[in-house]
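Asks: predicted model, plus sequence, below.
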Amino acid sequence: MKTLTRREFQWMTGRTLALSPLLAGIACGPGETSRPSGTTRGATTATGPLTMTLGSADVTIPPTQPEGDTWRYGLALPFQVAAGKVGLFCGIRGKRGRDFEVGTDAILFSDLSQIQAEGAISISRNHGEKNPNSSPAGAPSIMVKYPIRGGFVPAGAKLEDGSPHPHAGTGFGICQAIAWTADQESVYPAEQTYEYVELYQLAYDDDGFRLTETERIPYDELLAGAVLANPGLTNAIADGEDLLFTMGGGIEGGSASGLTRWRRQADKWRPVSWKPITHADGSFEPSLIRDGDGSLLFSARGGRDEEGRRRLQSRVWRSQDGGESWSKVIHVEGAVGGCPITLNQAADGTPYIAANLNEVTLHPLSERARPKKNDQGIVHASAAGREKLCFWPLNQARDGLETPILVRDSVAEFGLAPSGDFWAVDHPSAMTVQLADSAWHNVIVMRICDTAEVRVGADPVPQTGCYVEEVLSSGTPIPMWKF
């Protein structure tokens, strides 16, 4: 007999509200805030192979927010730290607009109902530096640190043969640092761009979770013979003693997304290989899972079309030889918006795409948010909204997508975005982890905010923050690590 998790029990007994798309509008009125996380989480769909809990923001304001400034947690990625303990690389956005970030914290938890910002460990923060490429050279600048992604081998982990993992309790994080003008208003023009990656060595033991070393590395020096930059949108997965991590990089004719293999040597995690998987089409923010048959499945967000708009693509590549060769097995146009998209895996191994639904907006928008005509006078039916988050399970043959499942409808939950722009329910990233109950849970994390906060630096709304939810599936959970 299957043992029910706390959330499954609540859902089955009706103590939490199971929302269908038609009933979702009763969750919260426009002027109400969501209920506290962990107390009234429910499933967003009443039927389907996958459901998701529905709670309010789990972390919002960093404990180290400077006086007089406005910081908010947003994009975050989960990873296993030790048996029963999970971490988040949790990015922080500043109040500047134009995707202005200020660094990343690590937040540890063991129970989805008890996630707190207090005790967060600071991993990166912006710093001042002269831009050698500015005109004139050496202009004072601020290096903006974008959200960290990476990989970690949990403390106490064992290899498949039951022997202790030689790198247990260690891992890495990586972020892009990009120069902004000293007034913090914008990045430099293309010919004056100055950027690099910061690589962080991380550890966890009886002394807690900590940063042990930081390196600043030019894109073309992280791995000999490659130019690596944009990290993936899901954290690394294990492959023997190594970690497999997706990254973007430069290839002849442009940029592509692919797979890096990371190895710990001389007490440092570094990439030892990179294989591009997409064409030189500007694909970025890739993600990776290992399917039940051992094959690898890879996805990436599409680049831009001839008009500069994000391509509305759901694509999956498959490798059956450990990542040496790849073939595209799924390519669907028009289902998802031109927004962050990830390939994830439920606790029972069900692979699923998480992305925003491509749709025509059915409510008024501010002038700023309305679609604009191009130089031929053509306007698209809708701007690229991020208000509905859906899951698309992969079919059994892994050559197509099943019917989408609506798991979060921000307008139904919160009413219209206060600014007149869109809500953003975006950057979903999931991983199956073990919590304090010793059970395995597929934890998915997303950012929610009014898009005017990101675009023009509008004041944060009450719903803004980092949301940590659980994806529920019907099969037997598959452990991701051996302890």
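Replies: That came through, no problem.

Asks: quick one, helices of the stretch 301-450 of the chain?
Replies: Listed in chain order, the helices of the stretch 301-450 of the chain (DSSP state H, counting those that start in this stretch) span 410-414.

Asks: which stretches of it have low pLDDT?
Replies: 383 (pLDDT under 70).

Asks: so who does Q192 touch?
Replies: With contacts taken as CB atoms under 8 Å, 6 or more residues apart in numbering, Q192 has the following neighbours: 131, 133-135. Just so you know, the C-beta spots here come from the backbone N, C-alpha and C atoms, and that holds for glycine as well.

Asks: one more: Q345?
Replies: With CB under 8 Å, 6+ apart as the criterion, the residues that contact Q345 are 289-291, 351-352, 430, 432, 442.

Asks: cool, and K85?
Replies: K85 touches 108-110, 154, 436, counting by CB under 8 Å, 6+ apart.

Asks: separation between it and P154?
Replies: Distance check for K85 against P154: by CB to CB, to the nearest Å, it reads 8 Å.

Asks: before we move on, what about W440?
Replies: Taking CB to CB, one finds W440 at 13 Å from P154.

Asks: which one of the two has more residues nearby?
Replies: More neighbours sit around P154 than around the other of W440 and P154, counting by other CB atoms under 10 Å; the figures are 26 against 20.

Asks: quick check: that one touching T170?
Replies: No: taking CB atoms under 8 Å as the contact criterion, P154 and T170 are not neighbours in contact, 9.7 Å apart.

Asks: please enumerate the shared neighbours of those two.
Replies: Overlap between the contact sets of P154 and T170, as judged by CB under 8 Å, 6+ apart, is given by Y204.

Asks: contacts only, for the nearest residue to V316 once chain neighbours are set aside.
Replies: Closest residue to V316 apart from its sequence neighbours, by CB to CB, 6 or more residues apart in numbering: I330 at 4.0 Å. I330 makes contact with 314-316, 394, 398-401 under the criterion CB under 8 Å, 6+ apart.

Asks: go on, I251?
Replies: For I251, the contact set (CB under 8 Å, 6+ apart) comprises 276, 280.

Asks: so what's the spatially most central residue of the chain bridging to?
Replies: Closest residue to the average C-alpha location of the chain: S429 at 3.9 Å, with CA atoms, centre = their mean. Using DSSP bridges, the bridge partners assigned to S429 are V445.

Asks: hmm, back to that, closest one to S56 out of the contacts of Q345, please.
Replies: A430 (18.9 Å; CB to CB).

Asks: ok, the closest one - contacts?
Replies: Residues near A430 by CB under 8 Å, 6+ apart: 78, 234, 342, 344-345, 354, 442-445, 471.

Asks: also I121?
Replies: Each residue near I121 by CB under 8 Å, 6+ apart is listed here: 105-108, 208-211.

Asks: what subset of those residues is buried?
Replies: Using 16 or more other CB atoms under 10 Å as the burial test, these include 105-108, 209 as buried.

Asks: among the residues you listed, name the ones in strands.
Replies: Judged by DSSP state E, strands contain the following of these: 105-108, 209.

Asks: out of the contacts of I330, who's nearest D450?
Replies: Out of the contacts of I330, the one with the shortest distance to D450 is S314. That distance is 26.3 Å, counting by CB to CB.

Asks: beta partners for S319?
Replies: Under the criterion DSSP bridges, S319 forms beta bridges with L296.

Asks: what about it, how many neighbours?
Replies: If you count neighbours by other CB under 10 Å, S319 ends up with 20.

Asks: also A224?
Replies: 8.

Asks: before we move on, the earlier item: show me how to select, in ChimeraX, the buried members of the contacts of Q192.
Replies: Selecting in ChimeraX just the buried members of the contacts of Q192, where the criterion is 16+ other CB under 10 Å, is done with this command:
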select :131,134
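
Asks: widest-spaced pair of the contacts of Q192?
Replies: Based on CB to CB, the longest span within these runs between N131 and S135 and measures 9.4 Å.

Asks: show residues contacting stretch 174-186.
Replies: By CB under 8 Å, 6+ apart, the list of residues contacting stretch 174-186 from outside reads 94, 96, 98, 100, 104, 124, 128-129, 131, 133-134, 139-150, 187-188, 193-200, 216, 229-231.

Asks: try 7 Å this time
Replies: Contacts of stretch 174-186 with the rest of the structure, by CB atoms under 7 Å, 6 or more residues apart in numbering, involve 96, 98, 100, 104, 124, 131, 139-150, 187-188, 194-199, 229-231.

Asks: which parts of it are buried?
Replies: In stretch 174-186, counting by 16+ other CB under 10 Å, buried: 174-181, 184.

Asks: narrow those to those in strands?
Replies: 174-181.

Asks: next, format those residues as TSV and append distance to S366.
Replies: Compiled in TSV, these are given as follows (distance: CB to CB, whole Å):
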residue	distance to S366
I174	36
C175	32
Q176	30
A177	32
I178	28
A179	31
W180	26
T181	27
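
Asks: quick one: residues contacting R368.
Replies: Contact analysis of R368 by CB under 7 Å, 6+ apart lists D421.

Asks: so how far is stretch 213-228 from its chain's centroid?
Replies: Relative to the centre of its chain, stretch 213-228 is centred 22 Å away, using CA atoms, centre = their mean, to the nearest Å.

Asks: then stretch 335-348?
Replies: For stretch 335-348, the distance between its averaged C-alpha position and the chain's averaged C-alpha position is 10 Å (CA atoms, centre = their mean).

Asks: could you dump that stretch to CSV, C-alpha only?
Replies: Listed in CSV are the C-alpha atoms of stretch 335-348, where the atom choice follows Å, rounded to 0.1, in the frame of the first residue of the first chain:
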residue,chain,number,x,y,z
ALA,A,335,2.4,25.7,-27.3
VAL,A,336,4.7,27.6,-24.9
GLY,A,337,5.3,31.3,-24.7
GLY,A,338,8.7,32.8,-25.5
CYS,A,339,9.6,32.5,-21.8
PRO,A,340,11.9,30.3,-19.5
ILE,A,341,11.2,26.6,-20.1
THR,A,342,12.6,23.6,-18.3
LEU,A,343,12.6,19.8,-18.6
ASN,A,344,12.0,18.2,-15.2
GLN,A,345,11.1,14.8,-13.7
ALA,A,346,8.4,14.0,-11.2
ALA,A,347,9.3,11.8,-8.1
ASP,A,348,8.1,8.7,-9.9
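
Asks: contacts only, for P231.
Replies: Shown in contact with P231 (CB under 7 Å, 6+ apart): 149, 174, 247.

Asks: show me the beta-bridge partners of it.
Replies: Per DSSP bridges, residues listed as beta-bridge partners of P231: M247.

Asks: show me where pLDDT drops low in the stretch 151-300 of the chain?
Replies: Low-confidence segments of the stretch 151-300 of the chain, defined by pLDDT under 70, are absent.

Asks: residue ranges of the strands in it, please?
Replies: Assigned by DSSP state E, counting those that start in this stretch, the strands in the stretch 151-300 of the chain fall at 170-181, 195-205, 208-217, 228-231, 237-239, 242-251, 254-265, 268-276, 284-290, 296-301.

Asks: which of these is buried the deepest?
Replies: Each of the strands of the stretch 151-300 of the chain was assessed for mean neighbour count using mean count of other CB atoms under 10 Å. The highest is strand 296-301, with a mean of 26.
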